[in-house]
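>>> Provided below for reference: sequence and predicted model.
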Amino acid sequence: MRRDAVSRIHALLRLLLPRDFRRAHAADMERVFRERVEEERRRDGVRGGVRAWWREGLDLADTGVRLRASDLRQGGGDMGGWTDDMRSALRSLRRSPGFAAFAVGTLALGTGATIAFASFFDRIVLRPVDFPGADRLVMAWRWREDGHLMISPDLDTRDRVRKADVFAGVAGMGNHDVAWSTDDGPRMLSAVFMDSELPALAGLPPLLGRYFDEDDLAGSGPPVAILAQGLWKRAFGADPGVLGRTLRIEGTARTIIGVAPEALRPPTPGNGDTDVFLPLPTDGSEANLSVFARLRDGVTLEHANEVMASLDRAATDADKSAWGTKLVPVAEMATSRLMSPLKVAGTAVVLLLLIACINVANLLLARGDARVRDTAVRAAVGAGRLRLAREMLFESLVIAGAASLIGLGLAQGAVAAFRVLRPRELTLLASLHLDPLVTAAAVACGVTTVLLFGVLPLVHRVRTRPGAVLTERGGTADGSTLAVRRLLMVGEVALSFALLAGGVQVMSTLMRAGARDPGLDVPQLLAATLKLPAWRFPDDASREAALDGIVARVRRLPGVEGASLASSVPTRSGIYFGAAEAEGNPVPEDARGNAVFFGNSVEPGYFATVGQAVLQGRAFTDDDVKADPTPYILGESAAKKYFPGGGAVGGRFRMGSDGDWHPVVGVVRDVWTTGSVNEPGYPQLYMPRTEGEGSAILVRTRDPGALAGSIAPLVRDVDKEIPVLDVQPVAHLYRQALARERMVAVLLAAFAVTAALLAAVGLYGVVSQVAVRRTREFGIRISLGAERRSIFTLALRGGVRPVVAGLMVGSALAWAGLRFVKMGIAGLAEASPLAFLGAALLLAVTTLVAMGVPAARAARTDAIEALRAE
Amino acid sequence: MSTAAPLTPLSMALLVTLGGGDLHGYALLREVEERSGGTLRPGTGSLYAALQRLMDEGLIIESPERPDDADDARRKYYRITGRGRTAVVEEARRMEGLLADARRHGLIPAREGRG
């Protein structure tokens, strides 16, 4: 038979047929086919040849299936082939349960992690926004080139975007909570203020009634409201006669004109479910405005931004202080905060999978080694190389299949656990689930990787020359496999170390962040946020009276050491924005143009209540509020930045466009406001609280948690229409702010620990296998008088070198890796030698234990048994 | 009556072809194709599977003689056996019976044209 391409390809195709059949007819089949192909080519050229190949391939596949199927029905028969192999693979796996368990377990971990991660990735990167046509949606922001500042848009922004001709719909939307007066007191509802465009963007008709029209939006008709489906079901029992009834919202009676479907929700996630829709006020009073627009088909984001830029230029020509506009895809807004932790987690997952695969490869190689003689014997009596390889391939397949199934289960569990345990802040992950497509892809990836690692050692194994092996006795290790396996171990230890070191580093950074001085006496503070409804308290005097009443009652509660009003809670400080300058001092480099300050309007006792140290000067007094100009108090870094030579107290400062200088009367310790570990602390500024101002009460008490429940009744006593938005120990607020970093740290820790365990398992396997094969040698040594201890060291030594090498390589990897990870965790310090040392120690101990067990077993070898065994 | 299952069209065609003399693989293939007017175009898999089955049932054997000496000596030639001829006849009778039935029930015109 000629050995040309035709022959080879046909031989490959013939593999589809059962072995015995092949053997009987291969030669003839090839000959017949060759003649057929030549004839077809003569008759019809290339097309004929291709057609002949195509038909032949199908025919062989079909015949193969039919023959094997009939074999199965006959219970194996002579043409067993694949089923035989499958059965013998299962049998041999059953005979080595340890190996099977390790292999499947290791792989399941790796695959499960990959699948879980792929689901995260899908939810967070690929489909973060649950809105029709979200991929063409953009948000419009106000933008200033100098200072690179982006702030919320206003109605002018929306109108300007509407003027640009590149959008198929532009909607303005506001979003905040409103108080609904019910018989049980005020109930907070999550309200979306919309114009007529939002439902059009979503393309969703109302369930009942109608959406807002011109009159509703202009406010020229009676006040109206639209219920969201959820509220309609919960509070109105899905009553179809709800139209025409009224709701008293923020003091105004509003007629219900429609019910919106559940799917109508703001395109930006994270605000929980919407309860009610109200008309967007046309007077610009909605402070929390968002502008959404859908790009027309064929319009790119770049083009749209260009169009906006020219409209912006026209606007600034007319008014110098006008803002520019910037368009950002909605998906980007939703995910940007999570992207970098995701990259970190992704790296960790890849590493874990790699480690798992190395482990399995090692295990398979070891297994091949152990069966070296068995393989050689079978090869010698004529079992085809392909047949042997196929058997081992089936073992790999069974392992991969079982591991995938278990991994899937693990991933499902992990996702469910995460959904429950996630930091409250990360609402994006609330709807996490295992997507079938993503899962299939991840499983395919895992299985492919595994097969690759599983087959390579097989190929090597199968090439063994039987003769060489059979003439040796006692199974000394095959030199080349052992070298490969040692190399693999080095790699595995290195990767595990990298993961472990990274994990330790991240955890320690987080702990340091937690230990960072928050500037306040956090454990003793309770923060209550209120909102005095404007319709009930229309002027300063009435508000002041109410606030006074509330604070007085709070102060009388048992255990309260102090209570003060402020305009906001420390972790949610207000932002002051404008040109900032200290008299007689140069404007700092990075604060040219507009600066951003975090600040608070506080009453005189505030700093004492929260335990914020006054470093220079004094706190506010009752007279300060009436002073004109009102005095300021600066945070310490602000003072250092704007008064570099000192002299903040007594100096003058101005902020914003009003141009008045304000005297600085004190400097206080900085408060940790942003929550994130290393975002630069913005400079801080305090002003005296004016009459009626304040929506936060800071309460100093020994046990903030115990006091939390007493606040709401007090407020109700003063006025039952005042909603209490939030009462929490300040410690909780800080914990929430760190949510993102915590999540990453926890994930990394989990991966690192798993990796360390896998490395330990791998080492156990290596040392164990080698020791088993040297049983005879150990037996001889012992019978010649060797001490048990020396056997122990001998067995151990095989594993120590790879570990040391792995640690060295791993350090280099970890150091490089940490630079990459820095992007994910802001504030990650340079690789700390202590962290590396810690990780190395951890890994070393784990691996020593893992190696010690089989080594100890080797030391206990019964000399007689060993010599008898082969 | 015949106890064997009815033969597949391919098997039947092979037997009929071999009834005219021993043949080897490719020639068989061509004959079958031509006789069936192109309806039977087996690939080598189906062909040899069918041949194997016929051999297993004893309807054909590998021919010990080589009719054409110039041909490649390694080619396998096939020959129909006595049992094979019997099987053809029985099958043909079975098909006749079917035809008669069909005619009786009016599915086929009582008189067909030749061919």
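Cool, the structure landed.
>>> touching, residue A:158 and residue A:172? I think so.
Yes: with contact defined as Cβ atoms under 8 Å, residue A:158 and residue A:172 form a contacting pair (4.3 Å). For the C-beta atoms, the positions are set from N, CA and C on the backbone; glycine is no exception.
>>> what is in contact with these two at once?
Residues touching both residue A:158 and residue A:172 (Cβ atoms under 8 Å, 6 or more residues apart in numbering or on different chains) are A:289, A:291.
>>> what about those two, which has more around it?
Using other Cβ atoms under 10 Å in any protein chain shown, the more surrounded residue of residue A:158 and residue A:172 is residue A:172, with 27 against 23.
>>> tell me the contacts of the more buried one?
Residue A:172 neighbours (Cβ under 8 Å, 6+ apart): A:155, A:158, A:194-195, A:197, A:280, A:289-291.
>>> which one of those sits closest to chain B?
residue A:197 (63.8 Å; Cβ to the nearest Cβ).
>>> ok, the closest one - contacts?
Applying Cβ under 8 Å, 6+ apart to residue A:197 gives the contacts A:169-172.
>>> surely residue A:304 is in contact with residue A:167?
Yes: counting by Cβ under 8 Å, residue A:304 does reach residue A:167; the two are 7.3 Å apart.
>>> hey, what's in contact with both of those two?
Contacts common to residue A:304 and residue A:167, judged by Cβ under 8 Å, 6+ apart, are residue A:295.
>>> show me the shaky parts of the stretch 1-150 of chain A.
Residues of the stretch 1-150 of chain A meeting the criterion pLDDT under 70: A:1-2, A:71-82, A:121-130, A:145-149.
>>> name the residue of it that lies nearest to chain B.
For the stretch 1-150 of chain A, Cβ to the nearest Cβ, closest residue to chain B: residue A:59, 2.5 Å.
>>> what helix or strand does that residue sit in?
In this assignment (DSSP states H and E), residue A:59 forms part of helix A:19-73.
>>> chain center to that helix: distance?
Going by Cα atoms, centre = their mean, to the nearest Å, the spacing between the C-alpha centre of helix A:19-73 and its chain's C-alpha centre is 52 Å.
>>> determine the set of other helices and strands touching that helix.
helix A:5-14, helix A:82-95, helix B:25-35, helix B:44-56 (3 or more Cβ pairs under 8 Å, 6 or more residues apart in numbering or on different chains; DSSP states H and E).
>>> give me phi/psi at the residue in chain B that chain A sits nearest to?
Closest residue of chain B to chain A, Cβ to the nearest Cβ: residue B:43 (2.5 Å). Main-chain torsions, residue B:43, degrees, to the nearest 10: phi -80, psi 180.
>>> distance of the closest residue to residue B:102 other than its chain neighbours relative to residue B:49?
Using Cβ to Cβ, 6 or more residues apart in numbering or on different chains and skipping the chain neighbours, the partner closest in space to residue B:102 is residue B:108 (4.7 Å). Per Cβ to Cβ, to the nearest Å, residue B:108 is found 32 Å from residue B:49.
>>> what sits up against stretch A:793-800?
Contacts of stretch A:793-800 (Cβ under 8 Å, 6+ apart): A:489, A:763, A:766-767, A:770-771, A:774, A:778, A:781, A:847, A:851-852, A:854-855, A:858-859.
>>> run through the residues that contact residue A:141.
Residue A:141 touches A:150-153, A:157, A:291, A:325-328, counting by Cβ under 8 Å, 6+ apart.
>>> show the buried residues in those residues.
With burial judged by 16 or more other Cβ atoms under 10 Å in any protein chain shown, the buried subset of the contacts of residue A:141 is A:152-153, A:157, A:291, A:325-328.
>>> what ranges do the helices span in chain B?
With DSSP state H, the ranges of helices along chain B come out as B:9-19, B:25-35, B:44-56, B:82-104.
>>> so which of the contacts of residue A:141 sit within strands?
Cross-referencing the contacts of residue A:141 against strands under DSSP state E gives A:150-151, A:291, A:325-328.
>>> immediately after the strand or helix carrying residue A:780, which helix or strand?
Taking DSSP H and E as the definition, residue A:780 sits inside helix A:775-783. Note on helix A:775-783: by DSSP H and E, the next helix or strand toward the C-terminus is helix A:788-821.
>>> report the angle between that next one and helix A:775-783.
Counting by axes from the mean of the first three to the mean of the last three Cα atoms, to 10 degrees, helix A:788-821 lies at 130 degrees to helix A:775-783.
>>> quick one: helix A:788-821 to chain centroid distance?
For helix A:788-821, the distance to the chain centre is 31 Å (Cα atoms, centre = their mean).
>>> would you check that residue A:696 makes contact with residue A:529?
Yes: counting by Cβ under 8 Å, residue A:696 touches residue A:529, with 5.3 Å between them.
>>> what sits in contact with each of those two?
Shared contacts of residue A:696 and residue A:529, defined by Cβ under 8 Å, 6+ apart, comprise residue A:569.
>>> between those two, which is the more surrounded one?
More neighbours surround residue A:696 than the other of residue A:696 and residue A:529, with 22 against 16 (other Cβ under 10 Å).
>>> run through the bridge partners of that one.
Beta-bridge pairing of residue A:696 under DSSP bridges involves residue A:529, residue A:566.
>>> lowest-confidence helix or strand of the chain?
Here I'm looking at chain A. None of the helices or strands of chain A scores lower by mean pLDDT, DSSP states H and E than helix A:466-471, at a mean of 52.
>>> other chain: chain B
Per-SSE averages on chain B (mean pLDDT, DSSP H and E): minimum strand B:23-24, a mean of 86.
>>> got a list of what residue B:83 touches?
Residues in contact with residue B:83 (Cβ under 8 Å, 6+ apart) are B:57-59.
>>> get me the contact residues on chain B for chain A.
For chain B, the contact set with chain A under Cβ under 8 Å from any Cβ of the partner chain comprises B:24-26, B:29, B:41-49, B:51-52, B:72, B:74-76.
>>> tell me the contacts of residue 48?
By default, I'm working from chain A. A:40-42.
>>> you looked at the wrong chain, it should be chain B
Per Cβ under 8 Å, 6+ apart, neighbours of residue B:48: A:21, A:25, A:28-29, B:25.
>>> okay if I get those as TSV plus distance to residue A:230 and neighbour count?
Listed next are the contacts of residue B:48 as TSV, based on distance: Cβ to Cβ, whole Å; neighbours: other Cβ atoms under 10 Å in any protein chain shown:
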residue	distance to residue A:230	neighbour count
A:21	66	23
A:25	70	22
A:28	74	19
A:29	69	25
B:25	74	24
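>>> residues near residue A:169, how many?
Other residues close to residue A:169 by other Cβ under 10 Å number 19.
>>> distance of it from residue A:815?
For residue A:169 relative to residue A:815 (Cβ to Cβ), the value is 51 Å.
>>> equivalent analysis for residue A:57, please.
With Cβ to Cβ as the criterion, residue A:57 and residue A:815 are 53 Å apart.
>>> for the stretch 201-350 of chain A, which segments count as strands?
For the stretch 201-350 of chain A, the strands defined by DSSP state E, counting those that start in this stretch cover A:208-209, A:224-228, A:246-249, A:252-260, A:276-279, A:289-295, A:324-329.
>>> now render these as JSON lines, adding distance to chain B and mean pLDDT.
JSON lines is the format used below for these (distance: least, Cβ to the nearest Cβ, whole Å; pLDDT from 0 to 100):
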{"stretch": "strand A:208-209", "distance to chain B": "63", "mean pLDDT": "90"}
{"stretch": "strand A:224-228", "distance to chain B": "64", "mean pLDDT": "92"}
{"stretch": "strand A:246-249", "distance to chain B": "76", "mean pLDDT": "91"}
{"stretch": "strand A:252-260", "distance to chain B": "63", "mean pLDDT": "92"}
{"stretch": "strand A:276-279", "distance to chain B": "68", "mean pLDDT": "92"}
{"stretch": "strand A:289-295", "distance to chain B": "54", "mean pLDDT": "88"}
{"stretch": "strand A:324-329", "distance to chain B": "54", "mean pLDDT": "84"}
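>>> dump these to TSV, plus distance to residue A:841.
As requested, the strands of the stretch 201-350 of chain A are arranged in TSV below (distance: least, Cβ to Cβ, whole Å):
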stretch	distance to residue A:841
strand A:208-209	67
strand A:224-228	56
strand A:246-249	62
strand A:252-260	59
strand A:276-279	58
strand A:289-295	51
strand A:324-329	46
